[in-house]
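Engineer: What would the 3D arrangement of this be:
(2 chains)
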Amino acid sequence: MPEASTVTPNDCYHCGLPLPRLEHYPVEIDGVERLMCCPGCQAVATAIADGGLSRFYQYRQASSQKPTDQSTSSDYQIYNDPDVQSEFVLPLSRQQNQANLLLQGITCAACTWLIEKHLLAIDGVESVRINVTSFRAQIVFEPDVVELSDIMQQLALIGYQPHPATDEAQVKLEQRENRLALMRLGVAGFGMMQAGMVAVGLYTGAADQWQIVLRWLSLLLSTPVVLFSAQPFFRAAWRSLRAGQLVMDVPVSLAIILGFGASLWATVTKQGDVYFESIAMFVFLLLVGRYLEMRSRARSRIGRSNVAQLIPAVATRWQEGAWVQVAVRQISCGDRVRIDAGQNICADGVVLSGSTSVNEAFITGESTPVAKAAGSTVIAGSENIDSPIEITVESVGSGTRLSAVERLIQQAEADKPQQLALADRVARYFVAGVLLVCLAVFAVWSWLDSSRALWVALSVLVVTCPCALALAMPTALTTATEALRKRGVLITRGHVLETLPHIDRVLLDKTGTLTTGRMSLDQLEVVRQGENKEYLLAVIAALEEGSRHPIANAFNTWRHQLKATDIQQHLGAGVEGVIDGKHYRFGRFDFAAVSGAQPTSTQGLQLSLSDEVGQLAKVTLNDPIRDEASTLLHRLSSLDLQTELLSGDAPANVERVATQLNINTYRSSATPEDKLSHLATCQDRGDTVAMIGDGINDVPVLAKADVSFAMAQASELAATHADVLLLADSLDPISDTFEKAAQTRKVIRQNLTLSLLYNAIALPLAACGLVTPWAAAIGMTASSLIVVLNAMRLARWS
Amino acid sequence: MNSLFFLIPIALVFVAIAIRVLLWAIQSGQYDNLDTEAHRILFDDDRKPAVKKSATDNNKTPK
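Structural biologist: Just a heads-up that it's a prediction; the model follows:
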């Protein structure tokens, strides 16, 4: 495997983000000094190198995730509490427990190597199993020897923040389904091979008594295939019949049951023809298709989670004169709870003491934090950014605003337009057609030669058995889904590729979708003559040191060059401090511009830097538009799609992005409800609408849109409710998906035409009584293979 | 042709054994996680000393 080629000398060796200008954090790895971008990455890289696991850096195929501030310092003590453990730790025996964890930060298979090696070196850890696609870890440990909190601490130390995985029942169920499907496939495979071998004997002229023996033998070999392996088809067919619908499984089951029944009758009564090997092969081919489909669906279920993940599992409550960590479930109305900086707020409530700013983007979509002081209300799930606060809890659980958003999402998802699979629409006519033809053939042959009537009608049924037809759609869809997955596009719902070619309007979110979602320095205009630009930036960076505000991140590159003292944060205004004996202020114009200067531009966010004498510089910060955004819009319009910008941000910012990207229709200051009702208007007009978004305020729209895309950095909730998840932080794969969908539709149409064509040729021959069992078997296999090979073309990228 | 009277039952026994082995492998979880296992072979330890050092510190040999 090549050495991590994604990292250049100017980037952090661990996470691949740009290095700060002056301050570097070196770690010696395999005798070479490597530079890191922050103390967090340094700590993680040191832990990896000290553990003798530095070859992780050669194995990995992608840069690691930058550790968050809290990941390296978190306290996992609370997870030793049996009450908290009951949700995700299973006792295996008296000495052994199994912990189910969800790990954040797994980027490639090398991560599993690192985690397994690192944890197995700890005394008391028995086994570690990691699934790289679902980010889950099953750790078997001895609670007497090692505490769970230590294991979780070790995981955080090497850069993978652990969360308890509480949906183990769901995962178990999926595992059981997967195993059962494999067993059915295995049994069908063996049955098919053996029955096929016996069939060679049958057709190459076994003598009379051997004919009978071999028929019984193939009956014996194909019975488990029909009774065990083919069960899913029978169940699905029965379900759809009871619901009064005809799906593809109905003709499939009919062909299996009638074919097998008649062959059984022929074997017992020693007359007519047997089709055992055709049936076994038919079941096997269809099961292979189903299994591949199931696997690509399971892969798409990455990180499926619910709103509850926004609420922390642990809260700090004031009880009996002390702060105590308790499980969030134990919090009730009226409790006094402390929320530290960087934590998510666990319940709706009113601030008792302390002042801070919180990020409420998931409700408002506004990227700028909101100031909170004593008396303001805070909502569960929002992030406390600046400093610790104490709140009185007013509502918990289902009473919170967060749950209200969740209900809005569920409502929207239920309203989503349903798409009927093309194959099932074809199946309706197909079943009726085949049955009518069979009856007609039987009637005609009864009149011509009644002894052959049953067998000719049966050969018609087997020959027209919808194997190729049933494979035509799933193979094409599965191949296209896998091809897209390799491009970093995860399709999580079945209908996406079928619906995409019908889309005529695309709604785009602004922040985080068309823009990067990160504040960055646009320009610095020096107001006082003779000042050095780089020095002023270092001053600002020093003032912003230690702030968690998104604005501070824009100056990360200039950090650690100067040291500021007496730093004071003024919420919603700015920051002041002393550097080299000079007093500086940085922030909004009314706070940091002495002469009453006004912002000179409305584009982006303009801030001012001043000292005791007066204004030094004007600084413009922007959320820059992604490089690939204009390419995307160009390609979308070349596909004849209407594009529209839909944002919760202020009008000036939205207008700037819209004009730069040539989007004619745009809306600003839209709440989640506004976005949803706009989408409903479009859909009522008859448009099929795709939505591309990332924030939690987009989630109701993502859930209701005909097809929705969530960006790589999207909130978990948005990712859960989107039909398509982009794995790389880029817009490019979106137009790829549209093109692949168009290609897929073409291949599906070809496949359906091919299989219907085969039936059109085979049916008259069978009706004339010209098709022998061996010819039926060959014809069926050949048509299926042609369809599958045609679908395989979708794996290629032009 | 009489040899078939022996060969057919023998073939059936082999099929039964093969199916048993496959079912056992599936049940014991060997097919649960195909994506991770596919990469494991690439991470073979050919530089033993570096790993051993950390392992002995903790009184445990990594598997």
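
Engineer: what's the single longest helix in chain B?
Structural biologist: Longest helix in chain B by number of residues (criterion: DSSP state H): helix B:4-27.

Engineer: Quick one: list the elements packing against that one.
Structural biologist: In terms of contacts (3 or more CB pairs under 8 Å, 6 or more residues apart in numbering or on different chains; DSSP states H and E), helix B:4-27 is packed against helix A:168-203, helix A:208-224. Glycine gets a C-beta too; all of them are placed from N, C-alpha and C.

Engineer: what's the angle between the longest one and helix B:4-27?
Structural biologist: Our comparison of helix A:168-203 with helix B:4-27, counting by axes from the mean of the first three to the mean of the last three CA atoms, to 10 degrees, yields an angle of 160 degrees.

Engineer: Then the last one?
Structural biologist: Taking the same axes, to 10 degrees, one finds helix A:208-224 and helix B:4-27 inclined to each other by 10 degrees.

Engineer: before we move on, back to that, in TSV, list the helices and strands packed on helix B:4-27 along with distance to chain B.
Structural biologist: Conversion of the helices and strands packed on helix B:4-27 to TSV gives the following (distance: least, CB to the nearest CB, whole Å):
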stretch	distance to chain B
helix A:168-203	4
helix A:208-224	6
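
Engineer: Just put these in TSV and tack on mean neighbour count.
Structural biologist: Converted to TSV, the helices and strands packed on helix B:4-27 look like this (neighbours: other CB atoms under 10 Å in any protein chain shown):
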stretch	mean neighbour count
helix A:168-203	18
helix A:208-224	18
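
Engineer: For residue A:296, which of those helices is the nearest?
Structural biologist: Among the helices and strands packed on helix B:4-27, helix A:168-203 comes nearest to residue A:296, with 12.6 Å by CB to CB.

Engineer: Report the mean per-residue pLDDT for that closest one.
Structural biologist: Averaged across helix A:168-203, pLDDT comes to 87.

Engineer: same for it, what does it pack against?
Structural biologist: Judged by 3+ CB pairs under 8 Å, 6+ apart, helix A:168-203 is in contact with helix A:208-224, helix A:231-242, helix A:276-299, helix A:773-792, helix B:4-27.

Engineer: ok so, going back, and the next helix or strand past the longest helix of chain B?
Structural biologist: Next helix or strand after helix B:4-27 toward the C-terminus (DSSP states H and E): helix B:34-40.

Engineer: list the buried ones in that next one?
Structural biologist: Burial within helix B:34-40, assessed by neighbour count using 16 or more other CB atoms under 10 Å in any protein chain shown, is assigned to B:36, B:39.

Engineer: Please report how far residue B:31 lies from chain A.
Structural biologist: Noted for residue B:31: a distance of 5 Å to chain A, by CB to the nearest CB, to the nearest Å.

Engineer: Got the phi and psi for that residue?
Structural biologist: Listed backbone geometry of residue B:31 is phi -110, psi 10, with angles given as degrees, to the nearest 10.

Engineer: What number of residues are in the vicinity of it?
Structural biologist: Residue B:31 has 17 neighbouring residues, counting by other CB atoms under 10 Å in any protein chain shown.

Engineer: which stretches of chain B have low pLDDT?
Structural biologist: Of all residues in chain B, those with pLDDT under 70 make up the ranges B:1, B:35, B:43-63.

Engineer: which secondary structure element contains the closest residue to residue A:458 other than its chain neighbours?
Structural biologist: Beyond its immediate neighbours in the sequence, the residue positioned closest to residue A:458 (CB to CB, 6 or more residues apart in numbering or on different chains) is residue A:262, lying 4.7 Å away. Under the criterion DSSP H and E, the helix or strand holding residue A:262 is helix A:249-269.

Engineer: how far off helix A:208-224 does that helix point, in degrees?
Structural biologist: Relative orientation of helix A:249-269 versus helix A:208-224 (the same axes, to 10 degrees): 150 degrees.
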